[in-house]
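J.: Test case, fold it:
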Amino acid sequence: MTLYVPRMQYLVSTIRDRVNCLLRVAVALLLVAYPISSHATLYVIVVGRQQIAIASDSRLVTLNGSQIAAADGIQKVISLGNRIAFMTTGVGEISTRRVTITPDQVARECYSSMVKNGRRAGIGQLADAFGQTITERLDRLSAPAKAQIDSMVQQFGSQDNEVMESTFVGVNDNGQLLIETVNVYLFPPSSATEKAKFEWTRHETPGDRPNIILSGEVGVLRSAFENAASPIAQLSSFQTWWQAFRDGRPVNAAQTAEALVNLAIKYSPPDQARLGYPIFVYTVDAHNGLTKLRTVPKGKAAVLPH
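T.: As a prediction, this is how the structure comes out:
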């Protein structure tokens, strides 16, 4: 579900094992029927010189039985304080008659608890608190609810039964830029006496070296890096930018993130209109913290810098 592109290395040799085009989905677990609503999501995170840029699409796709509705303009990156951004792909909401579990809300609760207790918001500690809290809440769900989540995960082709991937990007308590990714998995019971169980892992990416991270609906962009015959890979602008990036030449992080999201939307298959405009672009740096840089409508996106 996440693609890491370190500078100076070919992408083919640096793809993490769990690269996947998992939709960000909101699951409503009712007493009888289990309708699923979802919105595909693409995040492009670019680590530049003393700055991290984030760009995301903004389309919300709701599926209820055979009915499909779409709305654009949904901001999917949330702020925790003014120095940390949070975003998630995979399960976006689980609701039963007794409980609603939303990753965004859990992240806010964990951050608020840390600040309320007078602690600095260490991103690693925040990610640990989030992973522990959300898996504990998911584990309290009923067996039918867990079975429905498992069915949804299988339906959307998630690898390793990954339920969600949540990313914290920001200024750490020591003033350094840092990216922490929490992956949550559902492991079905191996016997009649066992219960399905949620587990989580955390992956840290320093924010002090040029890097590109793609999360969510990464298929079109992944193809651009892996397949020279893909439509994006054949663009002269992409070839020039990609060569500059591999050569270590400085590129504008925000412009790169914005342009890559735009290319992914533009070149997505017509029958997979799961990404949409406007594009939201953010930057994070030690001096200004998290800043919403711009909102980019269709046809107005930046080109790849080189």
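J.: How many residues are close by Asn211?
T.: By the criterion of other Cβ atoms under 10 Å, Asn211 has 20 neighbours. C-betas here are computed from N, CA, C, even on glycine.
J.: Identify each buried residue in stretch 192-209, please.
T.: For stretch 192-209, a neighbour-count test (16 or more other Cβ atoms under 10 Å) marks Ala196, Phe198, Trp200, His203, Thr205, Gly207 as buried.
J.: Among the residues you listed, find me the one that's closest to Pro305.
T.: When the buried residues of stretch 192-209 are ranked by distance to Pro305 (Cβ to Cβ), Gly207 comes first, at 19.4 Å.
J.: Identify the spatial nearest neighbour of the closest one, chain neighbours not counted.
T.: Leaving out its chain neighbours, the residue that sits closest to Gly207 by Cβ to Cβ, 6 or more residues apart in numbering is Leu177, at 2.8 Å.
J.: Dig out what the one you found forms beta bridges with.
T.: With DSSP bridges applied, Leu177 shows beta-bridge pairing to Val171.
J.: Run through who's touching stretch 230-248.
T.: If you take Cβ atoms under 8 Å, 6 or more residues apart in numbering as the criterion, stretch 230-248 is touched by 7-10, 210, 212, 220-221, 223-225, 227-228, 251, 256, 259, 263, 267, 303-306.
J.: quick one: it to chain centroid distance?
T.: Using Cα atoms, centre = their mean, to the nearest Å, the mean C-alpha position of stretch 230-248 is found 23 Å from that of the whole chain.
J.: Restricting to C-alpha, output that stretch in PDB.
T.: Output in PDB follows, covering the C-alpha atoms of stretch 230-248 (Å, rounded to 0.1, in the frame of the first residue of the first chain):
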ATOM      1  CA  SER A 230       3.300   3.000 -19.200                       C
ATOM      2  CA  PRO A 231       1.600   6.300 -20.300                       C
ATOM      3  CA  ILE A 232       3.200   8.400 -17.600                       C
ATOM      4  CA  ALA A 233       6.600   6.900 -18.000                       C
ATOM      5  CA  GLN A 234       6.600   7.900 -21.700                       C
ATOM      6  CA  LEU A 235       6.100  11.500 -20.900                       C
ATOM      7  CA  SER A 236       9.200  13.600 -21.600                       C
ATOM      8  CA  SER A 237       8.500  15.700 -18.500                       C
ATOM      9  CA  PHE A 238       8.400  12.600 -16.300                       C
ATOM     10  CA  GLN A 239      11.600  11.200 -17.800                       C
ATOM     11  CA  THR A 240      13.400  14.500 -17.300                       C
ATOM     12  CA  TRP A 241      12.200  14.900 -13.700                       C
ATOM     13  CA  TRP A 242      12.900  11.200 -12.800                       C
ATOM     14  CA  GLN A 243      16.400  11.500 -14.100                       C
ATOM     15  CA  ALA A 244      17.000  14.700 -12.200                       C
ATOM     16  CA  PHE A 245      15.700  13.100  -9.000                       C
ATOM     17  CA  ARG A 246      17.900  10.000  -9.400                       C
ATOM     18  CA  ASP A 247      20.900  12.200 -10.100                       C
ATOM     19  CA  GLY A 248      20.500  14.000  -6.800                       C
END
